[in-house]
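> Quick one, fold the following:
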Amino acid sequence: MLAGLLITAGMSFWVFRVAPVTYEATANVALIPPPTAVISGDNPFLYMGGLDQAMGVLTVKLNSDSVRGPIEDAYPGAEYSAERDATTSGPIVRVKVAGDSSATTLEVLNRVLDAMPVTMTSLQDELSLPQASRISLLTLGVDKDTTLVGEARTRSLLVVAAIGLAGTLLLTGLADKKLIKRRGKKHVGAAALPPDDFPVEETGLSRRNRADRMPMPSGSYSGASPSAEPLPEPYVPVADLRR
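Numbering: from 1, shown residues only. Take a look at the predicted model:
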């Protein structure tokens, strides 16, 4: 039992050391409507409701291989995703980067943020839109530090600990069952031995009983004390009568 627990603890420590961890960082970028879509003097944020379609086109382009490929190829241990921020109702793109190190994660996040205006410009260039009708981007927030995510390591630890404890209990039960079975065989074997294998020391009482079972001449014991008077007839041994 103790050996199994020690082995389980050692395996858990090894998994804790080698299991991969992930670093994450995020950024939020809003789409701003073009000047031609805003009444002069009004707040542009009041006209952001019609930019959902443009935001969908931008996220699809950012997640395509033409944009994603060069970035992830330069940082093999990182990946990113661009999607609408579900916590708001406006046209806000949420960029999420996950990497195997904090420095790599932040570098990839900056690369994606740099690629977003270039991608937006390229999409509008294909439509030959005038400058006054073009949508612009506004960065709302960027993580300066990464967040350590240890879910994969935690799951690995739980799996190893569960397997180790289950194996320890199973092997302990089998060992106890085998030991009890072996002890039962010993008791059965001892009970089956013949009585002669256990010699009993002969006492004076047993010798006396054995002597009482020896054949004695007839008439030598009448149950009463022997008489001192001479026999009226000659004494004839039993052996002579048998002849």
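> any idea which helix or strand carries residue 96?
strand 92-99 (DSSP states H and E).
> Follow the chain on from that strand and name the next helix or strand.
Per DSSP H and E, the helix or strand that comes after strand 92-99 is helix 102-126.
> who does that following helix touch, helix- and strand-wise?
Helix 102-126 makes packing contacts with strand 22-32, helix 52-62, helix 65-74, strand 78-84, strand 92-99, strand 136-142 when contacts are defined by 3 or more Cβ pairs under 8 Å, 6 or more residues apart in numbering; DSSP states H and E. (C-beta placed from N, C-alpha, C; glycine too.)
> hmm, try it at 6 Å
With contacts taken as 3 or more Cβ pairs under 6 Å, 6 or more residues apart in numbering; DSSP states H and E, helix 102-126 sits against strand 22-32, helix 65-74, strand 78-84, strand 92-99, strand 136-142.
> which one of the ones you listed has the most crowded surroundings?
Mean neighbours per residue, mean count of other Cβ atoms under 10 Å, is largest over those for strand 92-99, with a mean of 22.
> Partner strands of it and their direction?
strand 22-32 (antiparallel), strand 78-84 (antiparallel) (DSSP bridges).
> for those, which one sits closest to residue 182?
strand 22-32 (51.7 Å; Cβ to Cβ).
> quick one, that closest one and helix 52-62 angle?
140 degrees (axes from the mean of the first three to the mean of the last three Cα atoms, to 10 degrees).
> Which residues does strand 22-32 contact?
44, 51, 54-55, 85, 91-99, 102, 105-106, 109, 113, 116, 135-143, 146-147, 149 (Cβ atoms under 6 Å, 6 or more residues apart in numbering).
> Start and end of stretch 129-138, how far apart?
Stretch 129-138 has an end-to-end distance of 19 Å (criterion: Cα to Cα, to the nearest Å).
> buried set for that stretch?
134-135, 137 (16 or more other Cβ atoms under 10 Å).
> Put together JSON lines for those residues, with pLDDT and distance to residue 177 on each row.
Putting those into JSON lines (pLDDT from 0 to 100; distance: Cβ to Cβ, whole Å) gives the following:
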{"residue": "134", "pLDDT": "94", "distance to residue 177": "79"}
{"residue": "135", "pLDDT": "95", "distance to residue 177": "74"}
{"residue": "137", "pLDDT": "96", "distance to residue 177": "70"}
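> Now do the strand holding residue 96, average pLDDT.
Across strand 92-99, pLDDT averages out at 95.
> now it against helix 65-74, angle please.
Using the same axes, to 10 degrees: strand 92-99 against helix 65-74 is 30 degrees.
> Tell me the spacing between residue 104 and residue 65.
20 Å (Cβ to Cβ, to the nearest Å).
> Could you do residue 26 as well?
22 Å.
> still on that earlier bit, a markdown table please, covering the helices and strands packed on helix 102-126 and showing distance to residue 171.
Converted to a markdown table, the helices and strands packed on helix 102-126 look like this (distance: least, Cβ to Cβ, whole Å):
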| stretch | distance to residue 171 |
| --- | --- |
| strand 22-32 | 35 |
| helix 65-74 | 46 |
| strand 78-84 | 42 |
| strand 92-99 | 40 |
| strand 136-142 | 53 |
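> Can you say which of these is nearest to residue 126?
Per Cβ to Cβ, nearest to residue 126 of the helices and strands packed on helix 102-126: helix 65-74, 13.0 Å.
> what's that closest one packed up against?
Packed next to helix 65-74, using 3+ Cβ pairs under 6 Å, 6+ apart, are helix 102-126.
> looking only at pLDDT, what's the mean for the helix it packs on?
Here helix 102-126 scores 95 as its mean pLDDT.
> I would like the residues contacting it, please.
23, 25, 27, 29, 58, 61, 67, 71, 75, 77-78, 80, 95, 97, 99, 134, 137, 146.
> can you pull the buried residues of stretch 169-183?
Within stretch 169-183, judged by 16+ other Cβ under 10 Å, no residue is buried.
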